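> Any chance you could fold what I've pasted below:
(one chain, ligands or ions: 1)
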Amino acid sequence: MIAVPDLKKIKVDIDKIENDLTREKKISVSMLRLDKIHPVISGNKYFKLYYFLEKAKSAHKKIITFGGAYSNHLAAAASACKALGIDCIGIVRGGESKNLSHTLLLCKENDMQLEFISKEDYTKKDSELFKKQLIEKYGEHILIPEGGFSKAGVKGAALIANFYRKKDYTHVCCAAGTATTLAGLIKSSLSSQTIIGFSALKKIDDFEQRIQFLLNNSLYKNYCLNTDYHFGGYAKKTDELIIFMNKFYHEFAIPLDFVYTAKMMFGIFELIKKNYFSAGSKILCIHTGGLQGNLSSPTKTFNF
Ligand SMILES: *Cc1c(COP(=O)(O)O)cnc(C)c1O
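Numbers count the residues shown, from 1 in each chain. Presented below is the predicted three-dimensional model:
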């Protein structure tokens, strides 16, 4: 078992991504390698969990959280709780199948107790009744919303900005699911910077309301959500995306995940081609990790 990263001590690499395209367009592209901070508790998930974990540790409480069978969030929560000696329960969307996904097996290995509920019940998971039933069944606990979607999650995600010099970048880009990480980056940005979220879903329902909730009805205007590079929707992939990922690894030796970071990088390169960024732009891409998700693809899909 590998200890959780100590955010006060670790250094995170920033890799340069340079090729003919970036040189021709005079754009600087760099990548903050949050994927390297831990094999499972990697990327943005650890940041979103950070304050929940602190609270669970100091209050000696267990954690309950939610996710699907391939959830990076569940995998990270299980692994972090194990390392910190916190009991945790994962409520999984959809009935239990005979063969557990590699993600859920990993959760189990880390002693996460799994409870499977139907897709229909899962839609009710944020209701007061459901929460009451969780207390009756599991006792006092700390509840982490699916994907860490919460203000505490934003506060944790805002810590990501401690790992780069803000004034070095005109744009900061991240992949977006619940948009919690994006909100954390917006919160910690300079007003002169533009923060771009690349949606991993066809569309993020109520995106603006989400941001307003997460950021307490703030007046930030320096952000946008790009929904052009979802490749058919959440967790969908095409041959074009796979070829891009393999080429990206070949060129830069950086592995991407097909659900989030590959779609963001594909989108950034396309936008550079289309002159979306003016010459001289300095783009920081956040590698939010999630590489365990690639294991759901057949073995020879990726060359890394
Ligand atoms: C979960 C995840 C995201 C999405 O983060 P949100 O805060 O939910 O928008 C992005 N990248 C990776 C690799 C993830 O696992």
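
> three-state assignment of V29?
strand (DSSP: H, G, I helix; E, B strand; the rest coil).

> Tell me if I'm right that it and M264 touch.
No: counting by CB atoms under 8 Å, V29 does not reach M264; the two are 11.5 Å apart. The way it works is simple: take the backbone N, C-alpha and C, and place the C-beta from them, glycine included.

> Identify the contacts common to the two.
Residues touching both V29 and M264 (CB atoms under 8 Å, 6 or more residues apart in numbering) are C285.

> what's next to stretch 90-98, contact-wise?
64-69, 74, 77-78, 104, 107, 112-119, 122, 125.

> Can you flag which of the residues you listed belong to helices?
Here DSSP state H is the test, and the contacts of stretch 90-98 give L74, A77, A78, L104, C107, K119, Y122 as lying in helices.

> Farthest pair within those?
By the measure CB to CB, A78 and K119 form the most distant pair in the ones in helices among the contacts of stretch 90-98, at 21.4 Å.

> These two - which one has more neighbours?
A78 (30 against 10; other CB atoms under 10 Å).

> so what pLDDT did the residue nearest the centre of the chain get?
With distances taken as CA atoms, centre = their mean, the chain has N44 as the residue nearest its mean C-alpha position (4.6 Å). Reading off the confidence values, N44 has pLDDT 98.

> Within the helices and strands, which one has it?
Assigned by DSSP states H and E, N44 belongs to helix 43-59.

> So which residues make contact with that helix?
Against helix 43-59 from outside (CB under 8 Å, 6+ apart): 4-5, 7, 34-35, 37-38, 41, 61-63, 72-73, 75-77, 80-81, 84, 86, 142, 144, 147-148, 152-153, 155-157, 159-160, 174, 180-181, 184, 286-290.

> Among these, which lie within helices?
Judged by DSSP H, the contacts of helix 43-59 include 72-73, 75-77, 80-81, 84, 152-153, 155-157, 180-181, 184 as members of helices.

> Out of the residues you listed, who's the most crowded?
A77 (33 neighbours).

> quick one, what contacts the residue nearest to it when sequence neighbours are not counted?
Nearest residue to A77, sequence neighbours excluded (CB to CB, 6 or more residues apart in numbering): T65, at 5.2 Å. By CB under 8 Å, 6+ apart, T65 lies in contact with H73, L74, A77, C88, I89, G90, I91, L143, I144, P145, E146.

> measure the third one to the ligand for me?
Taken as CB to the nearest ligand atom, to the nearest Å, the spacing of A77 relative to the ligand amounts to 12 Å.

> got a list of what that residue touches?
Contacts of A77 (CB under 8 Å, 6+ apart): K45, L49, I63, T65, C88, G90, M112, I144.

> Over to the residue of the stretch 201-304 of the chain at minimum distance from the ligand: give its phi and psi.
Residue nearest to the ligand within the stretch 201-304 of the chain: G290 (2.7 Å; CB to the nearest ligand atom). Main-chain dihedrals, G290, degrees, to the nearest 10: phi 80, psi 20.

> shouldn't it be in contact with P255?
No: between G290 and P255 there is no contact under CB under 8 Å: 10.2 Å.

> Now do the shared contacts for these two.
Shared contacts of G290 and P255 (CB under 8 Å, 6+ apart): D35.

> okay, these two: which has more neighbours?
Under the criterion of other CB under 10 Å, the comparison of G290 against P255 puts G290 first, with 29 against 17.

> From L134, how far off is the more buried one?
27 Å (CB to CB, to the nearest Å).
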